[in-house]
Structures are given as structure tokens and as C-alpha cells.
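1. heads up, no residue letters with this:
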């Protein structure tokens, strides 16, 4: 089992920044990939970004490229999502997920956090 706990959400004005954190505990070695997804009210959960625990390769959704970055601290078992130039359409609950491979769909991810709310005001 892997436990994931997100933090860092909040209310920010458009153009502002937030940094989300996701701390992983438990059998973290069983998951090669950490990802962020988000879900806005009335919409499906969508992929945001992913990173492998080994190496530095990252993947981003087109909607956040150039504005968001993802990083990791292997010692702290923590993954970060730095969100800059935030837009009202970025408003959503952001979820951290752990899985075996980098994919942009939710199915292969075995473990999920409880989510953290991000609200961007115009």
C-alpha cells in the first residue's frame, strides 16, 4: 500500500502562483511514477503532469505547459507541482496519484490522495 497526502492548495488571484506537495509513504518503491490530476466541478478528472521517481523525465498536459512544473525529492518521498500564471480555468481539486507507468489516463494509477482545492479568482 502507498499513502499519499497532498497539501498547498488555496485561493489565489489570476496570474498568481501556488506550490502543491504530495508526500508518499508506505510501499513507495512499488510505484515508479507520480502524477497530478485535477477535477473541476461537473467535469472528468484530467491529467496534469507526471514524473518518474528515477530519472528526470516529465510529462505535461498541453493546457499547463510552460506554466506548471513538476519536481521530486526522493529523500523526502515528496513530489511538487509548481503552478505559475494561474488562470480561473485552473480551478479544481488537485489529486496526487502513484502508478507503474506514465500515462495520461486515470486507470493505471493504483493509489490516490484525498485531493487539495485550488481556486483561482479572476
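-> All right, it came through fine. Being a predicted model, the structure only gives us computed values, none of them experimental.

2. Strands of this protein, residue ranges please.
-> 2-7, 10-13, 18-26, 33-39, 46-52, 58-60, 68-73, 78-83, 92-99, 111-112, 116-121 (DSSP state E).

3. Now mean neighbour count and mean pLDDT too, for those strands, in a markdown table please.
-> The C-beta positions use only the backbone N, C-alpha and C, and glycine is treated the same way. Formatted as a markdown table, the strands of the chain follow (neighbours: other CB atoms under 10 Å; pLDDT from 0 to 100):
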| stretch | mean neighbour count | mean pLDDT |
| --- | --- | --- |
| strand 2-7 | 18 | 96 |
| strand 10-13 | 13 | 98 |
| strand 18-26 | 18 | 95 |
| strand 33-39 | 24 | 97 |
| strand 46-52 | 21 | 96 |
| strand 58-60 | 17 | 96 |
| strand 68-73 | 17 | 96 |
| strand 78-83 | 22 | 97 |
| strand 92-99 | 23 | 97 |
| strand 111-112 | 18 | 96 |
| strand 116-121 | 17 | 98 |
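
4. mind checking which of these is nearest residue 105?
-> Closest to residue 105 of the strands of the chain, according to CB to CB: strand 46-52, at 7.1 Å.

5. quick check: angle from the closest one to strand 78-83?
-> For strand 46-52 against strand 78-83, the angle by axes from the mean of the first three to the mean of the last three CA atoms, to 10 degrees is 130 degrees.

6. what's strand 46-52 in contact with?
-> By CB atoms under 8 Å, 6 or more residues apart in numbering, the list of residues contacting strand 46-52 from outside reads 32-39, 57-61, 64, 68-72, 79, 81, 94, 102, 104-106.

7. swap the cut-off to 7 Å and go again
-> Outside of strand 46-52, the residues within contact range by CB atoms under 7 Å, 6 or more residues apart in numbering are 32-38, 58-61, 64, 68, 70, 72, 79, 81, 102, 104.
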